[in-house]
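In: can't give you the sequence, but here's the structure:
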């Protein structure tokens, strides 16, 4: 068993679920946030000592959806069991319209170093196609508030959206670059089975772009970002990450079993099937009333790694 050097904490709550999203999310159940934090606190308390980590990623769902008092509690829970090393990175995923000056200051106060903004597009029609809640102008506002709080900024952008042209994609990248982000992640849109977007395609309401067009957009985006001075750091087949500087650790949950020398500990409810056995904790009491013992997941991981 290799002690994890990075931690992923899943906050499943969202104000709205986008049509393409197949993540473990909970919409319209904000009344359960405090219960979830109770579960997370019990799960974290099973760690007998404070664990030093180099990277902490708060994903979702939408971590920024929590109220300031709930976020204060979340960071307090984590700080009692996880210690981010000097020079380490703490990233929090946020929707642009969630970012207020109060929240940005709170995040920085509690050690967040980077805000990962789900911009996705600067085209209002494409945001509508993706069923995104925020408006185009919210992205620049969020970036400005993050900068005022001394936070680094990462932007997520999606290409191969139905109705999107290559020129639209390059315009999205241009507008993203104009905001001066430290990191940009570009994602090819996928039609995950069971999502509203997938059902729309199956019913003929929308059409996915030809693979040749998607490849054209991928390569055009890569060239544009590299021309702007970004370094390419591919971390998965489905998307492209580019960072301007530093050693940003993009430790996606789906890669955790492949990073043998830099294990990723996941604390979440509803883990993706391919990493279910990698969790050091699975907060199951929201469904069953009884949390799964941490030792169960450690034993599963030991067997999977053959250690």
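Out: Done, it's in. No experiment lies behind these values; they were computed from the predicted model shown. Numbering: from 1, shown residues only.

In: Show the model's pLDDT score for residue 297.
Out: On pLDDT, residue 297 comes in at 40.

In: now swap in residue 32 and tell me
Out: So, for residue 32, pLDDT stands at 89.

In: try the one 3 residues further on
Out: pLDDT for residue 35: 90.

In: ok, it - how many residues close by?
Out: Neighbour count of residue 35, defined by other C-beta atoms under 10 Å: 13. All C-beta spots, glycine's among them, are computed from the backbone N, C-alpha and C.

In: got it, and the one 3 residues further on?
Out: Residue 38 has 16 neighbouring residues, counting by other C-beta under 10 Å.

In: same thing with residue 66?
Out: If you count neighbours by other C-beta under 10 Å, residue 66 ends up with 23.

In: Same question for residue 171.
Out: 14.

In: Quick check: it is in a helix.
Out: Yes. Counting by DSSP: H, G, I helix; E, B strand; the rest coil, residue 171 is part of a helix.

In: Pull the contacting residues for it.
Out: Contacts for residue 171 (C-beta atoms under 8 Å, 6 or more residues apart in numbering) come out as 122, 123.

In: Could you check how far it is from residue 225?
Out: With distances defined as C-beta to C-beta, to the nearest Å, the gap from residue 171 to residue 225 amounts to 14 Å.

In: now swap in residue 143 and tell me
Out: In this structure, residue 143 and residue 225 are separated by 17 Å, where distance is defined by C-beta to C-beta.

In: now do residue 23
Out: In this structure, residue 23 and residue 225 are separated by 25 Å, where distance is defined by C-beta to C-beta.

In: So for the two, which residue has more residues nearby?
Out: Set residue 23 next to residue 225 and count neighbours by other C-beta under 10 Å: residue 225 wins out with 23 against 16.

In: Next, the more buried one: phi, psi?
Out: phi -70, psi -40 (degrees, to the nearest 10).

In: Wait, it touches residue 185, no?
Out: No. Judged on C-beta atoms under 8 Å, residue 225 makes no contact with residue 185 at a distance of 10.4 Å.

In: Buried ones in stretch 69-85, by neighbour count?
Out: 70, 71, 73, 74, 75, 77, 78, 81, 82, 84 (16 or more other C-beta atoms under 10 Å).

In: Since that was my last question, I'll sign off now.
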